[in-house]
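Asker: Just a sequence and a predicted model for now, questions to come.
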2 protein chains.
Amino acid sequence: MLTVITLSELYTARRSFAGTVGLVPTMGYLHEGHLSLIRRAKEECDHVIVSVFVNPTQFGPQEDLSRYPRDLDRDLSLMEPLGVDLVWSPTAESMYPQGYQTWVEVEAITRPLEGARRPGHFKGVTTIVAKLFNVVGPDVAYFGQKDAQQAAVIRRMARDLDFPVRIEVLPTVREPDGLAMSSRNAYLAPEDRRRAAALATALATVEREARAGSLRAGLEAGRGELAAAGIEPEYLEARDAERLDPVTELGDRAVLVAVAAQVGAARLIDNVLIRPRTARKP
Amino acid sequence: MLTVITLSELYTARRSFAGTVGLVPTMGYLHEGHLSLIRRAKEECDHVIVSVFVNPTQFGPQEDLSRYPRDLDRDLSLMEPLGVDLVWSPTAESMYPQGYQTWVEVEAITRPLEGARRPGHFKGVTTIVAKLFNVVGPDVAYFGQKDAQQAAVIRRMARDLDFPVRIEVLPTVREPDGLAMSSRNAYLAPEDRRRAAALATALATVEREARAGSLRAGLEAGRGELAAAGIEPEYLEARDAERLDPVTELGDRAVLVAVAAQVGAARLIDNVLIRPRTARKP
């Protein structure tokens, strides 16, 4: 496993790879969610490149950029046994040099949910992902369903701008009590960590009630469970999983139910994707 | 020479090219300026792809999209003898399908000159060029110096987003009286065509006077020549050729003197690039 920092080292290493390349873009502080992406990339591609970059342009001025957890040595020791070929950990100065002024923006689907609470967030995400695609030239790029809106936005960007990259989105990996794995879980004090499991159980309730017949009742029940855990969500909403417009009942398209909430020192997000049941053959 | 329309035909043809690929993006209605780009591409690259697409998103609502001159048969007959390998002439619907919502924007250097007069123009240009780069995957892309700000904006975009494409900008090709070749020259009535030569002669005057010691006096003399030809310019300005910030005298960086004016039925642009003289060896 080779670890490089500069663009020129990256290009040199990249040129030595024949065959297909899978890219796993990360902000480091890896958990089982990231590792599941790496394992899948390793299964599907001849070479696996992992980028580790806490991208400053996707953090708002009041957000947690400076305290975002970082531990590259730990990350490397987690990746080494998985057969990662190349880890690229660039500096912010090399990604956004003096005079930098170009941005990639996706419009409608970045507006609700996270986009409404984190102005500029997705502009930072789509810009850095476009750059990573151009630098690395992967055949496939792997993202987690935990960041469901991000996944939809990146799929949309890749399709709209004709990036020659297949986007793979893999299921959220969870702790035993259901909490979605996230680098930000490190911010949680023990009592908040216990309460945080209510996010996942509330989402499970929404799905169950929605499938039983009422999405509206499901959302209400979910809000009740969050309130019982002392969690006031920023949003708990049901939207079309691709177009992200609001939906009021299940239909013939996948529905995303997404939640965001401040739990103690951590702002957490989670979601459940409710796929339409395949109709039985007559 | 193969001519294709759909993305899938383009991808199939592209995959058959081994070696380097040069891309010449055009809006068709080719003139000697375009042909000079194609000839250079043919010299430098193993394969040459020319795109012909009147990109709707770079035209403002009051602009000349609907009457922009188009003649693909004529374009093909001009390209055939030059050894173009592939002509790609996509439809607007395939480039901007239903639900399209992603844009590439360059900030500071798109604001003055054309950007100030044509809101949204460069957003359309950078978006379509990013798409062309992703679809075609060229090693080199060729642009004309006639659209000087466009060239600077595309260079900036390619550098900022790390596109693995070399940008080549070739000199403006001119009619015998100096008028810069442009597809829009077709709009000129004979009397306007005669007057239009004043754009190039005024720019030559600016350069001569500037090199003689005063850029300010040069711009004043240039404005006088335009007025004598009955041309009221939208702008005649001197700017740093790369950063596009205003300059008042020549220095150690290239200076762009750019002009835009409505001449009869045509809105024309032209420019001169004043490179610093290399110091003599002592």
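Answerer: Here it is on my side, so go on.

Asker: other SSEs contacting the helix ranked longest in chain A?
Answerer: Longest helix of chain A, by residue count under DSSP state H: helix A:190-212. Applying 3 or more CB pairs under 8 Å, 6 or more residues apart in numbering or on different chains; DSSP states H and E, we find helix A:190-212 packed against helix A:215-228, strand A:233-240, strand A:255-263, strand A:266-274. Every residue, glycine included, has its C-beta placed from N, CA and C.

Asker: outside of it, which residues touch it?
Answerer: In this structure, residues lying in contact with helix A:190-212 by CB atoms under 8 Å, 6 or more residues apart in numbering or on different chains are A:174-175, A:177-180, A:185, A:188, A:215, A:217-219, A:221-223, A:225-226, A:228-231, A:236, A:238, A:249-250, A:255, A:257, A:259, A:261, A:263-266, A:268, A:270-272, A:274, A:277.

Asker: same check, this time on stretch A:85-101
Answerer: For stretch A:85-101, the external contacting residues (CB under 8 Å, 6+ apart) are A:1-7, A:10, A:13-14, A:17, A:28, A:47-53, A:55-57, A:72, A:75-76, A:79, A:128, A:131, A:136, B:106-109, B:156, B:160, B:243.

Asker: Could you tell me the end-to-end distance of stretch A:45-63?
Answerer: The first residue of stretch A:45-63 is 35 Å away from its last residue (CA to CA, to the nearest Å).

Asker: same deal with stretch A:169-181?
Answerer: Terminal residues of stretch A:169-181 lie 15 Å apart, using CA to CA.

Asker: What of stretch A:65-77?
Answerer: From its first residue to its last, stretch A:65-77 covers 24 Å (CA to CA).

Asker: Up against chain B, what does chain A have?
Answerer: Taking CB under 8 Å from any CB of the partner chain as the contact definition, chain A meets chain B at A:7, A:99-109, A:126-127, A:130-131, A:134-135, A:137, A:156-157, A:160-164, A:243.

Asker: Could you pick out the buried ones from those residues?
Answerer: Buried members of the residues of chain A next to chain B, scored by 16 or more other CB atoms under 10 Å in any protein chain shown, are A:100, A:102-106, A:109, A:126-127, A:130-131, A:134-135, A:137, A:156-157, A:160-163.

Asker: among those, which are in helices?
Answerer: A:Thr126, A:Thr127, A:Ala130, A:Lys131, A:Asn134, A:Val135, A:Arg156, A:Met157, A:Asp160.

Asker: and the third one, what does it touch?
Answerer: Okay, so that is A:Ala130. A:Val104, A:Met157, A:Leu161, A:Phe163, B:Val104, B:Leu161.

Asker: hang on, the earlier thing: let me know which of the helices and strands packed on helix A:190-212 is the nearest to B:Gly115.
Answerer: Nearest to B:Gly115 among the helices and strands packed on helix A:190-212 is strand A:233-240 (35.5 Å), distances taken as CB to CB.

Asker: other SSEs contacting that closest one?
Answerer: Packed next to strand A:233-240, using 3+ CB pairs under 8 Å, 6+ apart, are helix A:113-117, helix A:190-212, helix A:215-228, strand A:255-263.

Asker: how much does it deviate in direction from helix A:215-228?
Answerer: Orientation of strand A:233-240 against helix A:215-228 (axes from the mean of the first three to the mean of the last three CA atoms, to 10 degrees) gives an angle of 160 degrees.

Asker: same question for strand A:233-240, mean pLDDT?
Answerer: Across strand A:233-240, pLDDT averages out at 98.

Asker: What residues sit buried inside the longest helix of chain A?
Answerer: Along helix A:190-212, these residues count as buried under the neighbour rule (16+ other CB under 10 Å): A:192-193, A:195-200, A:202-207, A:209-210.

Asker: now swap in stretch A:80-94 and tell me
Answerer: Residues of stretch A:80-94 classed as buried: A:Leu82, A:Val84, A:Asp85, A:Leu86, A:Val87, A:Trp88, A:Ser89, A:Pro90 (neighbour count, 16+ other CB under 10 Å).

Asker: Quick one: end-to-end distance for it.
Answerer: So stretch A:80-94: terminal residues 25 Å apart, CA to CA.

Asker: swap in stretch A:204-219?
Answerer: Stretch A:204-219: ends 10 Å apart by CA to CA.

Asker: Report the distance from that stretch to the chain centre.
Answerer: Taking the mean of its C-alpha atoms, stretch A:204-219 sits 24 Å from the chain's own mean (CA atoms, centre = their mean, to the nearest Å).

Asker: And for stretch A:94-101?
Answerer: 25 Å.

Asker: what mean pLDDT does it have?
Answerer: Mean per-residue pLDDT for stretch A:94-101: 98.

Asker: so A:Leu65, which of the three states?
Answerer: coil (DSSP: H, G, I helix; E, B strand; the rest coil).

Asker: how far away is the residue nearest to A:Gly230 when sequence neighbours are not counted from chain B?
Answerer: Of all residues not flanking A:Gly230 in the chain, A:Arg195 sits nearest, at 6.1 Å (CB to CB, 6 or more residues apart in numbering or on different chains). As judged by CB to the nearest CB, to the nearest Å, A:Arg195 and chain B stand 37 Å apart.

Asker: Same check on A:Leu23?
Answerer: Computed as CB to the nearest CB, the A:Leu23 to chain B distance reads 13 Å.

Asker: Spit out the contact partners of the residue nearest to that residue when sequence neighbours are not counted.
Answerer: Nearest residue to A:Leu23 in three dimensions, chain neighbours excluded: A:Pro138, at 3.6 Å (CB to CB, 6+ apart). By CB under 8 Å, 6+ apart, the residues touching A:Pro138 are A:Val21, A:Gly22, A:Leu23, A:Ile49, A:Val165.

Asker: which SS class is A:Met143?
Answerer: Careful, residue A:143 is Phe and not Met. What three-state DSSP gives for A:Phe143 is strand.

Asker: What is the burial count for A:Gly264?
Answerer: Counted with other CB atoms under 10 Å in any protein chain shown, residues neighbouring A:Gly264 total 17.

Asker: Surely it and A:Ala189 touch.
Answerer: Yes. At 5.3 Å, A:Gly264 and A:Ala189 qualify as touching, with contact defined as CB atoms under 8 Å.

Asker: Let me have the buried residues of stretch A:80-94 in TSV, adding pLDDT and distance to A:Asp64 as columns.
Answerer: Shown next, in TSV, are the buried residues of stretch A:80-94 (pLDDT from 0 to 100; distance: CB to CB, whole Å):
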residue	pLDDT	distance to A:Asp64
A:Leu82	98	27
A:Val84	98	27
A:Asp85	98	31
A:Leu86	98	28
A:Val87	98	23
A:Trp88	98	23
A:Ser89	98	19
A:Pro90	98	20
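
Asker: Name the nearest of these relative to chain B.
Answerer: Nearest to chain B among the buried residues of stretch A:80-94, counting by CB to the nearest CB, is A:Pro90 at 10.5 Å.

Asker: Spit out the contact partners of A:Asp64.
Answerer: A:Arg184, A:Tyr187, A:Arg267.

Asker: any idea how far it is from chain B?
Answerer: For A:Asp64 relative to chain B (CB to the nearest CB), the value is 26 Å.

Asker: before we move on, what about A:Gly124?
Answerer: A:Gly124 is 14 Å from chain B, by CB to the nearest CB.

Asker: Helix or strand: which one has that residue?
Answerer: helix A:121-136 (DSSP states H and E).

Asker: Specify the angle between that helix and helix B:121-136 in degrees.
Answerer: Using the same axes, to 10 degrees: helix A:121-136 against helix B:121-136 is 40 degrees.

Asker: roughly how far out does helix A:121-136 sit from the chain middle?
Answerer: 13 Å.

Asker: next one: stretch A:93-111
Answerer: Centroid separation for stretch A:93-111 versus its chain: 18 Å, with CA atoms, centre = their mean.

Asker: Low-confidence ranges, the stretch 1-150 of chain A, go.
Answerer: Judged against pLDDT under 70, the stretch 1-150 of chain A has no low-scoring part.

Asker: Can you tell me the closest non-neighbouring residue to whichever residue of it sits closest to chain B?
Answerer: The minimum distance from the stretch 1-150 of chain A to chain B, using CB to the nearest CB, falls at A:Thr102 (3.5 Å). Spatially, and ignoring its direct neighbours in sequence, A:Thr102 is nearest to B:Asp160 (3.5 Å; CB to CB, 6+ apart).
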